[in-house]
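Participant: sequence first, then the predicted structure, then my questions.
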Amino acid sequence: MIAIAFLMLFLASITGYLVNRQAALAIRSGGTRLHSLAGFHGLYSLLLIMVPALLLILLWLVLQPVVIERMVMNGLPAGTLEGLDSGAVQLIQAEIRSIAGGRVFGTPDPWKLEAAERMNSLQGRAGWLLLTVLTGLMAAALVFSRSRVSAEFRARQGVERIVLGLMLSCAVVAIFVTVGIVLSLVFESLRFFSMVPVTEFLFGTRWEPQMPIRADQVAAEGAFGWIPVLLGTLVITVVAITISVPIGLMSAIYLNEFASTRFRAVAKPILEILAGIPTVVYGFFAILTVAPALRAAGAALGIPVAPNTALAAGGVMAIMLIPFISSFADDALAAVPRSLRDGSLALGATRSETVTKVLFPAAIPGIAGGVLLAVSRAIGETMIVVMAAGLMASMTINPLDSVTTITVQIVTLLVGDTEFDSPKTLAAFALGLMLFLVTLAINILALRIVRKYRELYD
């Protein structure tokens, strides 16, 4: 039904555009001058039909499953859910949904089969109701937009108001999503800090979150000092930035100032291909190629190298960050006014001196901002670290040792049994909050650097 609804929306929008455009052209052909172009009349009808109908479909998709499941659960036989906790009720809901989708395992109870049949019936009725309401809404919008076609109607302003409303709505949604993410992190982190002291988390030097979350499990007491995890994150980030920044900057300088146009046209797209490679592929490269090579080199030199090392993860992460830094630096160098470059060369400076004494200082805001954003990217990377660095937290700054990062621990803590009433699970939100604060501080620093130094070269 949803596919049919979107098809109806597409056809109605195109119809509205053509009808209003043709009506406007008919008015103009009669010798009357239109205030707006005929295309704006058609676009006004298209937007007036599409926007409300699309909002209706999206709202329907969000609310329909919730309403139908509640109706189905309320229609279960009396006493079926008595004495069950929320987890057991959710399991029953999941089983009913599975049966309704045709995935039957074993021999379900008769009342579950009846509930699944009722769910399918309600979903069918809801689909037909959606098509009916959608047809009425689009027809009303089509009639209303057609009635607005006249020589005096300001169709262009109407289109601009609708587009402005859409952009404002998108901005508001983005703000509310950000606020929701922050509030969820803060709320769950407060629950964690009610079980684990803040001082232990911030200043503890042991990270062993394994602890029993059910009565029949046996595990350690648990230690939640995040310093080893933060230290591992910093070690890998430093390795990645130490390798990627010089290579990225040098490649940008060469491509921008010294390379021929033909070489730049070939080399720059090849360099940027690295940015499109999935991080899991980088992870495979790190664990299958880089890590064994480091172990072999360490064995040949008599240096102990762990199977999973921060150097392997950071080195491969650096390859991923090179096009990121190079692109920012290239854009920053290209944005330097041509007059500065020509003036330096006219005074007798060589091209190398022009780059080091004029262009590079003038491009520092963009370059520094790009480097700090690359640091944020490195701190938030997960897949490469999961595959190449390890899972054990340790207090070390040796890049040849196995370390772990904040993102890896968040993934580890949320895999498996995820009942949100244990410090083991809630620790992931505390780590997420700290990661958010760290990356936020780095981004703010990048913006301040760009704004502070950009004024010197405007």
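Facilitator: That came through, no problem.

Participant: other SSEs contacting the helix or strand bottoming out on mean pLDDT in the chain?
Facilitator: Scoring the helices and strands of the chain by mean pLDDT, DSSP states H and E places helix 86-100 at the bottom, with a mean of 77. In terms of contacts (3 or more C-beta pairs under 8 Å, 6 or more residues apart in numbering; DSSP states H and E), helix 86-100 is packed against helix 38-74, helix 110-147. Yep, even glycine has a C-beta here, placed from its N, CA and C like the rest.

Participant: if you set the cut-off to 6 Å instead, what comes out?
Facilitator: Contact analysis of helix 86-100 by 3 or more C-beta pairs under 6 Å, 6 or more residues apart in numbering; DSSP states H and E lists helix 110-147 as its packing neighbours.

Participant: let me see the domain layout of the chain.
Facilitator: By the assignment in automatic domain parsing, the chain contains the domains 2-76+84-163, 223-457.

Participant: any idea which of those is most buried?
Facilitator: Comparing the domains of the chain by mean neighbour count (mean count of other C-beta atoms under 10 Å), domain 223-457 comes out on top with a mean of 18.

Participant: what mean pLDDT does that domain have?
Facilitator: For domain 223-457, the mean pLDDT works out to 83.

Participant: not counting sequence-adjacent ones, nearest residue to residue 184?
Facilitator: Once its chain neighbours are removed from consideration, residue 184 has its nearest residue in residue 429; the separation is 7.7 Å (C-beta to C-beta, 6 or more residues apart in numbering).

Participant: my guess is that neighbour contacts residue 188. True?
Facilitator: Yes: the criterion here is C-beta atoms under 6 Å, and residue 429 meets it with residue 188 at 3.6 Å.

Participant: residues contacting the nearest residue to residue 290 once chain neighbours are set aside?
Facilitator: Counting by C-beta to C-beta, 6+ apart, residue 290 lies nearest to residue 312, which is 4.6 Å off, once chain neighbours are set aside. Contacts were defined as C-beta atoms under 6 Å, 6 or more residues apart in numbering; by that measure residue 312 touches 286, 290-291, 294, 388.

Participant: distance to residue 123 and secondary structure for those - can I get that in JSON lines?
Facilitator: What follows is those, written out as JSON lines (distance: C-beta to C-beta, whole Å; DSSP: H, G, I helix; E, B strand; the rest coil):
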{"residue": "286", "distance to residue 123": "46", "secondary structure": "helix"}
{"residue": "290", "distance to residue 123": "50", "secondary structure": "helix"}
{"residue": "291", "distance to residue 123": "50", "secondary structure": "helix"}
{"residue": "294", "distance to residue 123": "55", "secondary structure": "helix"}
{"residue": "388", "distance to residue 123": "45", "secondary structure": "helix"}
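
Participant: quick check, nearest of those to residue 179?
Facilitator: Compare each of those with residue 179 using C-beta to C-beta and the shortest gap goes to residue 388, at 35.0 Å.

Participant: residues contacting the closest one?
Facilitator: Going by C-beta under 6 Å, 6+ apart, residue 388 touches 286-287, 308, 312-313.

Participant: out of the residues you listed, list just those in helices.
Facilitator: Among those, the residues falling in helices (DSSP state H) are 312-313.

Participant: I figured residue 142 was touching residue 15, is that so?
Facilitator: No: the pair formed by residue 142 and residue 15 falls short of the contact definition of C-beta under 6 Å, at 7.0 Å.

Participant: element containing residue 270?
Facilitator: Residue 270 is located in helix 261-273, with elements delineated by DSSP states H and E.

Participant: residues touching that helix, excluding its own?
Facilitator: Counting by C-beta under 6 Å, 6+ apart, the neighbours of helix 261-273 from elsewhere in the structure are 255, 323.

Participant: and that helix, how far from the chain's centre?
Facilitator: Averaging C-alpha positions (C-alpha atoms, centre = their mean, to the nearest Å) puts helix 261-273 28 Å from its chain's average.

Participant: just give me the closest of the contacts of residue 312 to residue 91.
Facilitator: When the contacts of residue 312 are ranked by distance to residue 91 (C-beta to C-beta), residue 388 comes first, at 37.0 Å.

Participant: show the pLDDT at residue 61.
Facilitator: 86.

Participant: look up how far residue 55 lies from it.
Facilitator: Distance, residue 61 to residue 55, using C-beta to C-beta, to the nearest Å: 11 Å.

Participant: just checking, residue 80 is part of a helix?
Facilitator: No: membership of residue 80 in a helix is not supported by DSSP: H, G, I helix; E, B strand; the rest coil, which gives coil.

Participant: for this structure, give the helix that spans the most residues.
Facilitator: As far as residue count goes, and with DSSP H defining each element, the longest helix of the chain is helix 155-195.

Participant: centre of the chain to the helix or strand that that one is followed by, how far?
Facilitator: Proceeding N to C from helix 155-195, the next assigned helix or strand is helix 198-203, under DSSP H and E. Taking the mean of its C-alpha atoms, helix 198-203 sits 29 Å from the chain's own mean (C-alpha atoms, centre = their mean).

Participant: which is the next helix or strand following helix 198-203?
Facilitator: Using DSSP H and E, the helix or strand that directly follows helix 198-203 along the chain is strand 207-208.

Participant: sorry, back to before: mind putting the domains of the chain into a markdown table with distance to residue 178?
Facilitator: Written out in a markdown table, the entries for the domains of the chain read as follows (distance: least, C-beta to C-beta, whole Å):
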| stretch | distance to residue 178 |
| --- | --- |
| domain 2-76+84-163 | 19 |
| domain 223-457 | 10 |
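
Participant: who wins for proximity to residue 192 among the ones you listed?
Facilitator: Closest to residue 192 of the domains of the chain, according to C-beta to C-beta: domain 223-457, at 3.7 Å.

Participant: where does the prediction get shaky in the stretch 101-250 of the chain?
Facilitator: Residues of the stretch 101-250 of the chain meeting the criterion pLDDT under 70: 106, 211-222.

Participant: between the two ends of stretch 194-206, how far is it?
Facilitator: Start-to-end span of stretch 194-206 (C-alpha to C-alpha, to the nearest Å) is 19 Å.

Participant: what does that stretch contact?
Facilitator: By C-beta under 6 Å, 6+ apart, the surrounding residues in contact with stretch 194-206 are 223-227, 395, 423.

Participant: can you rerun that using 8 Å?
Facilitator: 192-193, 223-228, 395, 423, 426-427, 430 (C-beta atoms under 8 Å, 6 or more residues apart in numbering).

Participant: how far off centre is that stretch?
Facilitator: 29 Å.
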